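>>> sequence and predicted structure below; questions after.
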Amino acid sequence: MWQFIVRRLLYSIVTLLILSATIFVIVRLTGDPVSLLAEAGARPEDLERIHRQWGLDRSWPVQYVSFLQNIVTGELGKSFNYRLPVSELYFQRLPNSLTLGLVATLISILVGVPAGIISAVKVNTWWDTIAKGVALLGLSIPGFWLGLVLILVFSVWLRWLPTSGAGDWRHVVMPSLALGWYFAASMLRLTRSSMLEVLGSEYIKLARLKGLPDVVVIAMHAFKNALIPVFTLAGVNMVVMVNAAVIIEVIFAWPGIGRLLYEGIFNRDFPLVQGVVVMAGFMIVGINLIVDILYAFIDPRIRLTR
Amino acid sequence: MRRSRCVAAALMLIVLASTAASLSSPAGAAARGKLVLAWHAGLASRWLDPQEHDGTATPDNFFTAIHDGLIKNQGTALFDHPALAEKFTIAPDAKSATFTLRKGIKFHNGEPVTPQDVKFSYENYRGAKADVFKKKTERVEIVDDRTIRFHFKEPFLDFAILFGTANVAAPGWVVPEKYYKQVGADGFKQKPVGAGPYRLVRHEPGVKLEMEAFDGYYRPVNVKQLVMTSVPEGATRVAMLERGEADIIYSVPGELVSRVQKLPGVTLAPVLSGSWFLEFPGFQDPKSPFRDKRVREAVSLAIDRRAMNQAESAGFGKVSGNWINNDVQYALEWPEIERNVERAKQLLREAGYPNGFDVDWVTPLPAWYSRGERLIGQLREVGIRARMQTMERGVFFQRLQGGIKEWPGVQIIFHGIRIAGSWSFWYEAHVKCGGFNSRDRLCIKELDAKFEQYERSINPAERKKLAEEIQRAILENHYLVPVFRHAFVNAIGPRVAAQKWQDVFPTITTGYAYPWEDIKLKEQ
């Protein structure tokens, strides 16, 4: 077991190294950030001064090593734009993103899972057709459009909810709906297909032959097994929602990490973009590591396979 | 008779007493209510520190609330509105400038604004055009506890205009030396202390600034709380206005202008902003069709400027004849250029292009691509076939700085800029050989020679004459082709007391709503 954990840990470190190198190179491929930090077409000496000030005059390998050293010491560099440590900015915004991500995940589960179960149980009925329609709409309606429609209806026409920003619970409703809607659709589809697969399995047929009532078969036998991939997806979805709800956070002026990333990209704020991506990478890799280890505990065959 | 004299004397005393009371009462004491501005981009902390002014038109929106300069652009004053300085004089030989501070002015932390703070702010300044000030300044002399004098190595005629234009440079914007040194440059950006009408109460980097009227300001401040919140999405800003969550919003998207116009109590504020014009990089190359003046003129005649203004600025822009804004010193007024497709075709025929020619790329300033498409459509009507090149904003500026090698072949750059202060900043940026934006793309020797003469001259009449000659030459030779001045369309909510939009946006050299202290809310 320990060998398995160590091996997985090493894989995770290699993944993070590849991620850090990739994001380091990609942000630099977008061009020189100094052209956005200085006045339009500033004098060469000003540009040189800013290059020196931010350490951008050093070679890429030197900058990369410095970036890795910062990560190891828990520093993610200093934002060009905000002149604050990236970690400070990240953790300032994290509570807002966690709130949004949690509520959106809840919405996606509360809508997607029951609808998926009903759709699978009532397969090929009008219930199923409605659920499939909802899933199709959820996956195809762009978040920015849904966000704007929600603002128009609930803020401007009905005046029930504030348009944007963070504050009390009313501020969370629309952004989490707009964000959770898409993920609810994907949860619905996965729950449906997972349930259909389980419902067609031999042990469910046996349970039915034993004369167990439908509710018991679905709730006690099918549902529990069908939910494993669904909750794995929910976990990954939540990490994505916390770290990359860029469009929704911009539409609703929600002060979260997605918007921080957007601002970083928009201003070519290298340390900020690198920091946010690396933190998201840490979260995803970390969650996958935990899930892998838990699976290995549950199913010994997993830790025996290389 | 005696009785009426007594009454008159008593009345006079009451008037004098109330005047004295109003003068001695704190500026922000009578302030009330809350004003929310929905800002159209992120809120960068570096915009809160005048010491690192980035030379763009953006930071002055914030400086004018938190900080103050000795002199500044305000209302119709281009650069010389007395602010922290009650008066200033420039020596006749332009080799020194003397400022006298107002009595009793303070920073938000209660410390007095002293000549030493002015000296520190000037000498420590490292933002846009810092090198110009450093190169030309011999020393800064503190004359007495309210007077400070700047001595220059040579006549520095543009000193006041550079010093006092908030959206060009900011060495004249005073920061408290002691506090600045204590918290450091980065700390200052998080918790700036200034001498402006509003003191910062809360700062959420990138998200929100909450400010409160400063009691010690030397002018009355009308609104108690000023909140600037970043709302990048245009439709959300409009919804905030409709719902009363914001009182002023910047940058109404074109497609929502008509909706905003119909909102009860809302006033649209279409502030004239930057000028848009065409450049033909490397036009002096013998292989370039733009080497021929007739071709450049044909391009100019092919443009339907009114249609462009209508489509791109809902008609609120201005079809002007010059490529330089007319709100800067020595800008030349030039008649509107009418579209004439037939004449354009004839000029192309005369220049040897009866079937037109191909332009490799038309590159508009990112991300104003729709106006690039409109331009291409209009050029096509006279036989000039072009494709549009889009690029990320940073890349665009980087390529401008790269000079002619970055713009090979036949190209048109569709610029949009706003520079306040003087016409010379425009020339220096966009025409001068080696200039900070033009690099080696144009290099018109005779104009550069005249510009050098302009810079050397200390005779205002001669400078004005040279400025006009240079601008006339550019326009008559179509070295640059003016298109239009676009409008920065903002909106004012019903709670703000304004008869007309200019009451809230009175400063002609900016698109922003300062002076902030003058904005009033309606009686509840």
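Nice, I can see it.

>>> now do the strands in the stretch 201-306 of chain A.
Counting by DSSP state E, counting those that start in this stretch, the stretch 201-306 of chain A has no strands at all.

>>> up against chain B, what does it have?
A:V250, A:I251, A:F252, A:A253, A:P255, A:R259, A:L260, A:Y262, A:E263, A:F266, A:N267, A:R268 (C-beta under 8 Å from any C-beta of the partner chain). (C-beta placed from N, C-alpha, C; glycine too.)

>>> look up the closest residue to the last one, ignoring the ones flanking it.
Setting aside the residues directly before and after it, A:R268 is nearest to A:P33 in space (C-beta to C-beta, 6 or more residues apart in numbering or on different chains), at 3.7 Å.

>>> equivalent analysis for the fourth one, please.
In space, and not counting its chain neighbours, A:A253 is closest to A:S164: 3.9 Å by C-beta to C-beta, 6+ apart.

>>> which pair in the residues of the stretch 201-306 of chain A next to chain B has the greatest spatial separation?
Within those, A:F252 and A:R268 form the most distant pair, 24.5 Å apart (C-beta to C-beta).

>>> who's more crowded, the two?
Using other C-beta atoms under 10 Å in any protein chain shown, the more surrounded residue of A:F252 and A:R268 is A:F252, with 31 against 24.

>>> still on that earlier bit, residues touching the residue nearest to A:R268, list them.
Counting by C-beta atoms under 8 Å, 6 or more residues apart in numbering or on different chains, A:P33 touches A:W54, A:L56, A:F80, A:N267, A:R268, A:D269, A:F270, B:G394.

>>> quick one: which helix or strand includes the closest residue to the fourth one other than its chain neighbours?
Of all residues not flanking A:N267 in the chain, A:N81 sits nearest, at 4.8 Å (C-beta to C-beta, 6+ apart). In the assignment (DSSP states H and E), A:N81 maps to no helix and no strand.

>>> surely A:N81 meets B:G42?
Yes - shown here, A:N81 and B:G42 form a contact pair, counting by C-beta atoms under 8 Å, at 7.4 Å.

>>> which neighbours do the two share?
With C-beta under 8 Å, 6+ apart as the test, A:N81 and B:G42 both reach A:E263, A:N267, B:G206.

>>> sitting in helices, which of those residues do you find?
Using DSSP state H, the subset of the shared contacts of A:N81 and B:G42 located in helices is A:E263.

>>> in CSV, list the shared contacts of A:N81 and B:G42 along with pLDDT and distance to B:K153.
Converted to CSV, the shared contacts of A:N81 and B:G42 look like this (pLDDT from 0 to 100; distance: C-beta to C-beta, whole Å):
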residue, pLDDT, distance to B:K153
A:E263, 87, 42
A:N267, 78, 37
B:G206, 88, 41
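
>>> most neighbours, which of the shared contacts of A:N81 and B:G42?
Counting neighbours by other C-beta under 10 Å, A:E263 comes out on top of the shared contacts of A:N81 and B:G42 with 28 neighbours.

>>> what about stretch B:404-411, near chain A?
No - Stretch B:404-411 lies apart from chain A when judged by C-beta under 8 Å from any C-beta; the minimum separation is 12.1 Å.

>>> can you show me the CA trace of that stretch as PDB?
C-alpha atoms of stretch B:404-411 as PDB (Å, rounded to 0.1, in the frame of the first residue of the first chain):
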ATOM      1  CA  ILE B 404       8.700  49.400 -39.300                       C
ATOM      2  CA  LYS B 405      10.100  45.800 -39.300                       C
ATOM      3  CA  GLU B 406       7.000  44.700 -37.500                       C
ATOM      4  CA  TRP B 407       4.800  46.100 -40.200                       C
ATOM      5  CA  PRO B 408       6.100  44.700 -43.500                       C
ATOM      6  CA  GLY B 409       4.300  45.000 -46.900                       C
ATOM      7  CA  VAL B 410       1.300  47.300 -47.400                       C
ATOM      8  CA  GLN B 411      -0.400  48.100 -44.100                       C
END
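
>>> by proximity to chain A, which residue of chain B wins?
Closest residue of chain B to chain A, C-beta to the nearest C-beta: B:G55 (2.7 Å).

>>> and that residue, what pLDDT?
Model confidence at B:G55, given as pLDDT, is 76.

>>> from B:F156, how far out is the closest residue to B:D80 other than its chain neighbours?
Nearest residue to B:D80 in three dimensions, chain neighbours excluded: B:I71, at 5.3 Å (C-beta to C-beta, 6+ apart). Per C-beta to C-beta, to the nearest Å, B:I71 is found 15 Å from B:F156.

>>> can you count the residues close to A:A115?
So A:A115, with other C-beta under 10 Å, has 24 neighbours.

>>> before we move on, what about B:S275?
The number of residues near B:S275, taken as other C-beta under 10 Å, comes to 26.

>>> what about the chain, any weak spots by pLDDT?
You didn't say which chain, so I picked chain A. Along chain A, segments meeting pLDDT under 70 span A:35-43, A:299, A:301-306.

>>> the intended chain is chain B.
For chain B, the ranges with pLDDT under 70 are B:1-29, B:392, B:394, B:436, B:524.

>>> give me the domain ranges for it.
Split into domains by automatic domain parsing, chain B comes to B:16-230+B:494-518, B:234-266, B:275-486.

>>> and the second one with chain A, contact?
Yes - part of domain B:234-266 sits close enough to chain A to count as contact by C-beta under 8 Å from any C-beta, namely B:A235, B:T236, B:A239, B:M240, B:E242, B:R243, B:E245.
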